[in-house]
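**Student:** My questions concern the predicted model and sequence given below.
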Amino acid sequence: MAKRRIAFYLMTIPALLLFFTFHTFPALQGIFYAFTNWDGFGESYDFVGFKNFVNLFKDENVINSYIFTFKYAIVVTILINVISLLIALGLNAKIKFKNFFRGVYFLPNILSVLIVGFIFNYLFSNVLTTWGAKMGSEFLSQNILGNADWAWIGIVIVAVWQGIAFNTILYLAGLQTIPKDLYEASNLDGAGKFREFISITFPLLASFFTINMVLAMKSGLMVFDQIVALTGGGPGRSTQSIALLIYTGGFQGGEFAYQSANAVIYFIVIIVISVLQLKFLQKREMDM
Amino acid sequence: MMKKVIKPMLAGVLAISLLSACGNNGNSEGASSGKVEVEFFQGKAEAKATFDKLITKFNEANPEIKVTQVNPPDAETVLKTRVAKKDIPDVVGMGATDTFSTLSKSGLFEDFTNDPLIKDIQPAYLEMLTNMTGLTEMNGVPFSTNANGVIYNKAIFKELNLTIPKTWDEFMAVAQKVKDSGQNAFYLTLKDAWTTLSIFNPLESNIVGLDFFAQRAAGTVTFKDTYREVAEKQLKVLDFAQKDVFGKNYNDGNTAFAKGESAMYLQGVWAIPEIQKANPAIELGVFPFPSTNDATKNKLVSGVDTLLTVAKSSKHKEEAKKFVAFLLQPDNIKQYISEQKAFSAVTGVTQDDASVADLKESFESGNLVDFADHYIPAGMKVETIFQEFLQKKDIDAYLTKFDTEWDKISNRK
């Protein structure tokens, strides 16, 4: 028995140590630096207490990036879940070339975010503008990513296009766990397709819905790569997400400590949201 | 019980130390080959091939030294992270930017004040470096320099019978004539925020002047009171540009200008090789951006494009300096500037390419002024402020923001 336990320790402790060294310890260091005025490379720094945190709440750029990130995350989460659920329903139906379509819809997931971003960047600036000009639309003949009010829509389009692939697969897996006899029974009772969806499919997908909502929201809140590839946070700072602000300010702007404080706050915000989301959605699962 | 815990812990520690041991091996001095390894870190992707040629030449002439070039994308960020982990490259080639200034202030680079290496460097550029860092030490050796002006398409100028403008009014008249002919006077690439700087820099340096920033830091002046003319002229340029200026990026601009889609292109000379790549047959020239109506006051914006410096912490300073001295030799720097269409910081080495002949006068008379944005803290991301302003076109809001952002950054220090 004792020998067996050693084997378990041998399996778990290296991973724990690695995780602590490369993840927990740097995170703790970040919290430590949030209370200093370190620029990220200098020899010395002083402790400044909560000054960084106070300045954060007065910083318009920080507030703007929070507004943008939440607006973006909520829209992306809703769109991804609605569309991928629809696609999953379609792919689960008795259609021809089902496996081929499943493969096609999964394809975006295996492409790198940056590459997809650069391709769309080209499409937005060179292809869509030409089409827009042909249609004679003044608005569509301009690059949407260059417009401070609309650039975020461009990023949403790219994120949704790529994001639905993974969520579709999860919904598809969920749909296959629903026993066939339930549908047979509802058929006998004369339920229509819509009624079937509301009363059987959706309730039985509840746990997959929870997972998909949490995952989509989390990746929406941490958006970074798409923005780097599409707008770089511009025009102005209109599409600067929190993660991008922390990165650019901390590493390029020489405000390492200040952005560490920003990261600490953001860490707390994400924890609170995840916990709330799980609590709410899991309660809903129970109710059903 | 203790024993049971300690054993696996030891195993874990051992595993980690093995890992880090591997890491160390990678960085060893290469002592086995008997050569001194010198790392040359530089950020200009365009210059990689040229530096490689020069390095090969150096390594052949100095068999006991092996220089290797490191040229990562987003080099300034990489450099800062490497500084943070105390792993500074032996020789660094970088622009005279705010990053150089902050790193110098942290005391990371050698002091070249009394070094024979700076003997042949043009004093104007040495002065620019110390003005910018605000230090008495000379922490870098200016190597190549550049110029930011107006690139123009000679064929279009000839066709419309235009001459090179010397004043702001003439400049606008030329732009108007091009516009009247149904063509674009400028091709702006404002999707890339940094390209707003090539409009701002000549305007700021000539209309307001670089002394302003020290006064602003002391709090005796504000952007709001001083910058109105700069702001108006920044906006004015937009009237003569192509459609969808915010949708096009730097690469789009280089290609479009090369295809003759605009008569003028507000960029630095560093864009010329890229334009010529897109259309080798294009006939182009560069003239200084005429910011004011006093032709004698309009100086050419020219700064240190690449400076060379040696890390204080380097274990091979002697070899590193030998490499720097090698790059500064007239024939080597001549090779560099002719391939890169740059200018030399070393006295007596001139750029003779026809495309930049119009700038020769400014260089010879020393009618030069530094890039203004190098004096603005990097944390402000000033180019995004310009981008927003050019889109919203609200001068008051823009200048107020300039002031509040500046104060915000200085409050954080």
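**Tutor:** Received it, and whenever you're ready, just let me know what you need. Numbering: from 1, shown residues only, chains lettered A, B, ... in the order given.

**Student:** Around chain A, pick out the residues from the stretch 51-200 of chain B.
**Tutor:** B:76-77, B:80-81, B:83-84, B:98-99, B:102-103, B:105-108, B:190-193 (C-beta under 8 Å from any C-beta of the partner chain). Every residue, glycine included, has its C-beta placed from N, CA and C.

**Student:** Run a quick neighbour tally on A:G253.
**Tutor:** By the criterion of other C-beta atoms under 10 Å in any protein chain shown, A:G253 has 22 neighbours.

**Student:** can you count the residues close to the residue in chain B that chain A sits nearest to?
**Tutor:** In chain B, the residue that lies nearest chain A is B:G247 (2.4 Å; C-beta to the nearest C-beta). For B:G247, the count of nearby residues is 25 (other C-beta under 10 Å).

**Student:** how close does it sit to A:V54?
**Tutor:** Distance of B:G247 to A:V54, given as C-beta to C-beta, to the nearest Å: 39 Å.

**Student:** quick revisit: do I have it right that the residue of chain B closest to chain A meets A:T130?
**Tutor:** No: the criterion here is C-beta atoms under 8 Å, and B:G247 misses it with A:T130 at 11.8 Å.

**Student:** Quick check: residues of the stretch 101-250 of chain A near chain B?
**Tutor:** Counting by C-beta under 8 Å from any C-beta, the stretch 101-250 of chain A sits next to chain B at A:124-126, A:129, A:141-148, A:231-238, A:248-249.

**Student:** Apart from its neighbours in sequence, what residue is nearest the residue of the stretch 151-288 of chain A found nearest chain B?
**Tutor:** Nearest residue of the stretch 151-288 of chain A to chain B, counting by C-beta to the nearest C-beta: A:G236, 2.9 Å away. Distances taken as C-beta to C-beta, 6 or more residues apart in numbering or on different chains put B:E388 closest to A:G236, at 2.9 Å, once the chain neighbours are dropped.

**Student:** That neighbour: what's it in contact with?
**Tutor:** B:E388 makes contacts with A:148, A:235-238, B:398, B:401, as judged by C-beta atoms under 8 Å, 6 or more residues apart in numbering or on different chains.

**Student:** Mind listing what's buried along the helix or strand encompassing it?
**Tutor:** In the assignment (DSSP states H and E), B:E388 maps to helix B:382-392. Using 16 or more other C-beta atoms under 10 Å in any protein chain shown as the test for burial, helix B:382-392 gives B:382-391.

**Student:** Kindly report the same for stretch A:204-221.
**Tutor:** Buried residues in stretch A:204-221 (16+ other C-beta under 10 Å): A:204-206, A:208-217, A:219-221.

**Student:** I would like the residues contacting it, please.
**Tutor:** By C-beta under 8 Å, 6+ apart, stretch A:204-221 touches A:69-70, A:72-74, A:76-77, A:80-81, A:84-85, A:159, A:163, A:166-167, A:170-171, A:173-175, A:177-178, A:182, A:202, A:242, A:270, A:273-274, A:277-278, A:281-282, A:284-285, A:288.

**Student:** How many residues are close by residue 236?
**Tutor:** In the absence of a named chain, this looks at chain A. 24.

**Student:** wrong one, I was asking about chain B
**Tutor:** B:K236 has 14 nearby residues by other C-beta under 10 Å.

**Student:** Ok, A:A191 next?
**Tutor:** 16.

**Student:** Please apply the same query to A:G90.
**Tutor:** A:G90: 14 neighbours (other C-beta under 10 Å).

**Student:** again with B:V78
**Tutor:** 17.

**Student:** quick one: what helix or strand has it in it?
**Tutor:** Short version, using DSSP H and E: B:V78 is in helix B:75-84.

**Student:** After that helix, which helix or strand is next? Please name it.
**Tutor:** With secondary structure assigned by DSSP H and E, helix B:75-84 is succeeded by strand B:91-94.

**Student:** any weak-confidence spans in chain B?
**Tutor:** Within chain B, the segments meeting pLDDT under 70 span B:1-33, B:413.

**Student:** just the strands in it please.
**Tutor:** Listed in chain order, the strands of chain B (DSSP state E) span B:36-42, B:65-70, B:91-94, B:141-145, B:148-153, B:184-186, B:262-268, B:284-287, B:300-301, B:304-310, B:343-344, B:368-369.

**Student:** any chance of these in JSON lines, with mean neighbour count and distance to A:S44 too?
**Tutor:** Below are the strands of chain B laid out as JSON lines (neighbours: other C-beta atoms under 10 Å in any protein chain shown; distance: least, C-beta to C-beta, whole Å):
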{"stretch": "strand B:36-42", "mean neighbour count": "22", "distance to A:S44": "24"}
{"stretch": "strand B:65-70", "mean neighbour count": "18", "distance to A:S44": "27"}
{"stretch": "strand B:91-94", "mean neighbour count": "26", "distance to A:S44": "21"}
{"stretch": "strand B:141-145", "mean neighbour count": "26", "distance to A:S44": "27"}
{"stretch": "strand B:148-153", "mean neighbour count": "25", "distance to A:S44": "36"}
{"stretch": "strand B:184-186", "mean neighbour count": "24", "distance to A:S44": "46"}
{"stretch": "strand B:262-268", "mean neighbour count": "26", "distance to A:S44": "36"}
{"stretch": "strand B:284-287", "mean neighbour count": "22", "distance to A:S44": "44"}
{"stretch": "strand B:300-301", "mean neighbour count": "25", "distance to A:S44": "35"}
{"stretch": "strand B:304-310", "mean neighbour count": "26", "distance to A:S44": "21"}
{"stretch": "strand B:343-344", "mean neighbour count": "25", "distance to A:S44": "37"}
{"stretch": "strand B:368-369", "mean neighbour count": "22", "distance to A:S44": "34"}
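
**Student:** now those as CSV including distance to B:I409?
**Tutor:** Below are these laid out as CSV (distance: least, C-beta to C-beta, whole Å):
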stretch, distance to B:I409
strand B:36-42, 27
strand B:65-70, 30
strand B:91-94, 22
strand B:141-145, 27
strand B:148-153, 24
strand B:184-186, 31
strand B:262-268, 26
strand B:284-287, 33
strand B:300-301, 24
strand B:304-310, 24
strand B:343-344, 32
strand B:368-369, 24
